[in-house]
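S.K.: sequence and predicted structure, then a few things I'm wondering about:
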Amino acid sequence: MAISLTNSAADRVRNYLDKRDSGVGLRLGVTSSGCSGYSYVINYADEIDDSDVVFEDKGVTIVVHPDALKLIDGTEVDFVKNGLNEAFSFRNPNISGECGCGESFNV
């Protein structure tokens, strides 16, 4: 089981945590929503709960709740800049479909 980051995503998280001057890493999860069933939730982690699964990649701590890990195991998180837009994107090998707008997925 693993969640990984591209160099771009790792740089973004490290830089933001440094500017924020708090936090232990990146928290990745899912929520039920959208037309395909699930949407990604990404936040900065301020603490690690006993039930969390923790990964380290490129100097970044990645925190995931075990229920979410079942749906996103093997996902690579990227940070993409396209013109004025910038966002995290996800390469999840478990998905069987996505909605047309790319905001939700199903497994």
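M.R.: Yep, that arrived. Numbering: from 1, shown residues only.
S.K.: a helix runs through residue 14, doesn't it?
M.R.: Yes: going by DSSP: H, G, I helix; E, B strand; the rest coil, the assignment for residue 14 places it inside a helix.
S.K.: what sits against it?
M.R.: Shown in contact with residue 14 (Cβ atoms under 8 Å, 6 or more residues apart in numbering): 59, 60. To be clear about C-beta, it is placed using only N, CA and C from the backbone, and glycine gets the same treatment.
S.K.: find me the pLDDT at it, would you?
M.R.: Here the pLDDT value assigned to residue 14 is 94.
S.K.: measure it to residue 50 for me?
M.R.: To residue 50, residue 14 is 25 Å away according to Cβ to Cβ, to the nearest Å.
S.K.: please apply the same query to residue 39.
M.R.: If you measure residue 39 against residue 50 using Cβ to Cβ, the figure is 26 Å.
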